[in-house]
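*Asks:* got a sequence here, can you build the structure:
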Amino acid sequence: MSFTGVQKIALPDVLEANGVVTFDTRRVAKIVARVSGRIEASPIAVWDQVRKGEKIVQLYSPDFMTAEAEYLQSLSTASLSKAPQMAGTGNLAKAMVQAARTKLELLGMDDADIMKLQTPQPRVWIRSPISGTVIKNKAVIGSQVNPGDVLFVVGTLNEVWVTAQVYEDDLARVHEGQELQAVTTAFPNQVFRGIITRISPDIDPKTHTAAVRCDVQNRGLQLKPGMLARVRILTKAGYALVVPQGALVFDTDAYYAFVEVGENAVERRKVDIGPWSEQGYTRVVSGLKPGERVVIGQTLQVNALWHRAVEAGS
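*Replies:* Coordinates of the predicted model:
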């Protein structure tokens, strides 16, 4: 049998990883029905751009009328409390106005609409809480809604997340605050810049990677959620373990190497691998150590002998 050593190769000061573009969840808002009612009108469609405070859906609900009547009555009471014969009731009247106004706000009414109230109306416009793009539209005119039903989802794309997967043996080279560059297949000649803001607290046991979340500036709103991106993280140099591809054998659902453990003795060991740019070599993520010697060139034959030995021993 021929053997080759597990090599320790220096890595460059730029770490590359695959990533995907997603919405920054801090910049996404759900417009939820707060009362039971019926959708009367909706001038907004999915993918439309909306401004903060823009009317997006009109609801018909008797709950609005009841709350509005309570608010207008509290204003009338507060006005009467200013009369000499009502002295001492001012504070109570103000508290009633504030309570009635708060109820309207909790039902979803905008401050400007509350200020314009003259008579109770069962129809109220719900406005967008943020400026952005309509991601989802579940508001169907004429449909009945209940408290908690999601009507719209609005998100902004000025800044997005790129979540990249970094191998665990590279994690020592990555930290929050590092600068990065992202390139997509859609815009291969443009570089989007950002910083690492979060590193996942756990490792995926199947891929031996950790998710790294990056805040990326989205010039011209070109980056779209779901896009694949190639991330380049500016970091310090490190190292990787590599072996020739001929030193590995794929059996059932995993890669294995036959490691020299003594004179004329080898053991079969499961090896987790990662991508490597140099042709003919494979990066070892786990399973082997620097300096160990593995069988090369005859791994299929050795693997067949190993299976025969296991069958004979059973």
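*Asks:* what segments of the stretch 51-200 of the chain are strands?
*Replies:* For the stretch 51-200 of the chain, applying DSSP state E, counting those that start in this stretch gives strands covering 55-60, 123-127, 132-137, 144-145, 150-155, 159-167, 179-184, 192-199.
*Asks:* tell me which of the ones you listed sits nearest to Val310.
*Replies:* Nearest to Val310, of all the strands of the stretch 51-200 of the chain, is strand 159-167, at 31.1 Å by Cβ to Cβ. (Each C-beta comes from the backbone N, C-alpha and C, glycine too.)
*Asks:* how about the closest one, which residues are buried there?
*Replies:* Neighbour counts over strand 159-167 (16 or more other Cβ atoms under 10 Å) mark 160-167 as buried.
*Asks:* quick one: the residue nearest to Val124 when sequence neighbours are not counted from Ala186, how far?
*Replies:* Once flanking residues are discounted, Val124 sits nearest to Phe64: 4.7 Å by Cβ to Cβ, 6 or more residues apart in numbering. Distance of Phe64 to Ala186, computed by Cβ to Cβ, to the nearest Å: 45 Å.
*Asks:* of the two, who's got more company?
*Replies:* The neighbour comparison of Phe64 against Ala186 (other Cβ atoms under 10 Å) goes to Phe64, with 22 against 13.
*Asks:* that one against Met109, yeah?
*Replies:* Yes - at 7.5 Å, Phe64 counts as touching Met109 under the criterion of Cβ atoms under 8 Å.
*Asks:* need the residues touching each of those two.
*Replies:* Residues within reach of Phe64 and of Met109 at once, by Cβ atoms under 8 Å, 6 or more residues apart in numbering, are Val124.
*Asks:* I'd say Val249 and Gln301 touch.
*Replies:* No - with contact defined as Cβ under 8 Å, Val249 does not count as touching Gln301 (9.7 Å).
*Asks:* who's more crowded, the two?
*Replies:* Between Val249 and Gln301, Val249 has the larger neighbour count (other Cβ under 10 Å), namely 21 against 12.
*Asks:* may I have the beta-bridge partners of that one?
*Replies:* For Val249, the beta-bridge partners under DSSP bridges are Tyr256.
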